[in-house]
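S.K.: Just a sequence and a predicted model for now, questions to come.
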Amino acid sequence: MTDTTQVPESTGNPTEDLFDRPYTDVDEWRDVPVRHRYVHGGFHGTDTRFSFYFPPTEQYQGRFFQHVTPRPLREDLAQTATGQADKIGFSASSGAYFVETNGGGEAAGDPMSGLDPTIGAWGANAAAARYSRVVAEQVYGPHRPHGYAYGGSGGAYRTIGAAENTTGVWDGYVPYVVGSPMAIPNVFTVRMRAQRILRDAFPDIVDASDVGSDRSPFDGLTDVQAEALAEVTRMGFPARGWFAWETLGTHAFSALYPGIVMADPTYFDHDFWNVDGYPGADPDDAVHQERTRVDTTVTGLLSTAAAVAAGVVADRSGFTGVGGVEPVYEEIGDADVAAFSLAHTLDHDVAGAELQVRTGAAAGARIRLSGTSGNTAVIDLDNDAATIGRIAVGDEVRIDNSNFLAAQTYHRHQVPDASYPVWDQFRDEHGQPRLPQRPFLLGPVFAAHASGTVQSGRIGDKVIVVSSLLDREAFAWQADWYRRKVVEHLGDDADSLFRLWFVDNALHGDDEHQEFPTRTVSYLGVLQQALRALARWVEDGVEPAASTQYRVIDGQTVVPPGALERGGVQPVVDLSSGGSRRFTARVGDVVELTATVTAPPGGGEVVAVEWDDGRGAGYRAESVTPARTVSSSRRLAFAEPGTYFVTVRATAQPAGASGTGHELVQNLDRARVVVS
């Protein structure tokens, strides 16, 4: 298969007609990860590239799945994925071919490139989807494949943009871990303020927020700390989510930060530090105690390996971001630079500062830092590699966290309309903002760049949204915000096109491996179930499981305790006794714990139960006969006094996927055992 003139008919849309000259440059059979015919190509005159993965004819059932990355990335990411993240194998086992693109190329993801933002939002993906049908006819014969797009985080914005702004390209959509038009930068700014103010209190907050606690997370906090915890909780950060505080970092804020400063430079350069109503203008505000501006000199360059060995960079091998993209530090030639050694040792660690280069080949540059440790400045992700490569030993630099501190209350000055009740904490009794506001709302600008337009809820095809209740980057209430927009548009007919499935104890990233396996589960099984359920809904009219039932209370998304009342597709694990998850015992005494696991009506059967007794041995599987409800008991005795957290993790699976590694939907519950 080479250049071809067999293309979809022109739409008359200038943006779409950019893609009227497709070509293919690879067409071959491959056996990894499964047997498939691989077709690679692009569109002449554009930077858009695509990869198609066609299963053998005997597996194909007339559909395709297309993954939408958080931003324009590479078109070959699926080729290295394994386990539940293997999109090629999952698609083939689902009777589908798989489509991925580079989203139009790097420029399509750059708001300063001058390109039509809809190219990166959905245009390039739509062109590849349309052309995949042409190639599918060449592979399988005449037919129209059904198509389903899905994407998470930034990819959810782009998936929703496609759902609201295209017709006839895809037949259904699964956006997951979705944000709202007010997500950026606000979910990050409020979180980073809490991370700074509460850093010394987190161990106590985590323990008080855990199961079986007999005290409040606010116990022992100063007034400033209590205010910061209340603010971030009301904004939607999951109250149970601070257990990862040591590795939480700044996430996507590093990539977003330059755009924020560029869009509103007056806020950072003047208003925050000088205008009444902003914390920096109050000489008594604690922000002044945290402000750091230190002039120093670069004395060394540390590679990633050296920085990990020194303990200033966490070893994140095996972890990926949403979309399966592993974060890496900037490579410089044959080496890489993760950190700088400095002539000065800072008297405290500084998160989120800039390294401002004063002399040398990189003079004038500003490098974003994830933090400092002693005399080491750790480079944040998404800096420019070429600029870092020009920094040399002997260059004079300044460590300055002024802008990072100012950013941490930006959300207070971005109060939107009443459809965002998490901002009510910043309104007066008349519903008006209590603090000075910026000239415009920045969130919708970021959202429009990602989605092509600001989300409206105006969908015309079937959509299943998957959202995580422990999401620290896309707070769960935002999925409810989008549901309400869909209801505004469709009214009583919303259920005919829309479902919302929440996943308890799941985070933002679509990783199979969990950093804290006794606290969190992967949502990949739910995502797989959503894609297959969507295909049955579209193609055969089979209704998917009902939406999860929930309430949003002061920014927190709360689900019913029972599987039948909760709905959705995730099993519910109950390790309590009489409603309590706190048990006490003497050393050597036997504690009997019983876990009851129930799959909801649309969640198949419970197929696995595992116990972790909190003593460091990891999970051990119990023998289970698949059923809607399963009970499992353990008798435990502890030889040493202390507090132990016992965890039960359970897996449910629909009957149609039985015996495979797909649609494995997990949940867990924990109990505290205090041994004296």
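M.R.: Received, thanks.
S.K.: what ranges do the strands span in the stretch 351-500 of the chain?
M.R.: Under the criterion DSSP state E, counting those that start in this stretch, the stretch 351-500 of the chain contains strands at 354-357, 366-373, 376-379, 396-400, 462-468, 498-503.
S.K.: any chance of these in JSON lines, plus mean pLDDT?
M.R.: Rendered in JSON lines, the data for these read as follows (pLDDT from 0 to 100):
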{"stretch": "strand 354-357", "mean pLDDT": "95"}
{"stretch": "strand 366-373", "mean pLDDT": "89"}
{"stretch": "strand 376-379", "mean pLDDT": "92"}
{"stretch": "strand 396-400", "mean pLDDT": "97"}
{"stretch": "strand 462-468", "mean pLDDT": "98"}
{"stretch": "strand 498-503", "mean pLDDT": "98"}
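S.K.: Ok, which of those comes nearest E28?
M.R.: Distance to E28, taken as CB to CB, is lowest for strand 462-468 among the strands of the stretch 351-500 of the chain, at 33.9 Å. Bear in mind the C-beta positions are built from the backbone N, C-alpha and C, glycine included.
S.K.: Partner strands of the closest one, with direction?
M.R.: On the basis of DSSP bridges, the sheet neighbours of strand 462-468 come out as strand 172-176 (parallel), strand 498-503 (parallel).
S.K.: hmm, back to that, TSV for the strands of the stretch 351-500 of the chain, including mean neighbour count?
M.R.: What follows is the strands of the stretch 351-500 of the chain, written out as TSV (neighbours: other CB atoms under 10 Å):
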stretch	mean neighbour count
strand 354-357	22
strand 366-373	22
strand 376-379	25
strand 396-400	20
strand 462-468	27
strand 498-503	26
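S.K.: what about the strands paired with strand 462-468, which gets the closest to D384?
M.R.: strand 172-176 (30.5 Å).
S.K.: Could I get the average pLDDT for the helix or strand following that closest one?
M.R.: Along the chain past strand 172-176, the next helix or strand (assigned with DSSP states H and E) turns out to be helix 186-197. Averaged across helix 186-197, the pLDDT comes to 95.
S.K.: And the contacts of helix 186-197?
M.R.: 179, 224-225, 228-229, 231-232, 235-237, 245, 248, 250-253, 256, 286, 290, 351-352, 404-405, 407-411, 414, 443, 472-475 (CB atoms under 8 Å, 6 or more residues apart in numbering).
S.K.: and H662, which of the strands of the stretch 351-500 of the chain is closest to it?
M.R.: Within those, the stretch nearest H662 is strand 462-468; the backing value is 15.2 Å (CB to CB).
S.K.: From the chain's centroid, how far away is that closest one?
M.R.: Relative to the mean C-alpha coordinate of its chain, strand 462-468 is positioned 14 Å out (CA atoms, centre = their mean, to the nearest Å).
S.K.: Please check the contacts of helix 186-197 and keep the buried ones.
M.R.: Taking 16 or more other CB atoms under 10 Å as the criterion, what is buried in the contacts of helix 186-197 is 179, 225, 228-229, 231-232, 235-237, 245, 248, 250-253, 256, 290, 351-352, 404-405, 407-411, 414, 443, 472-475.
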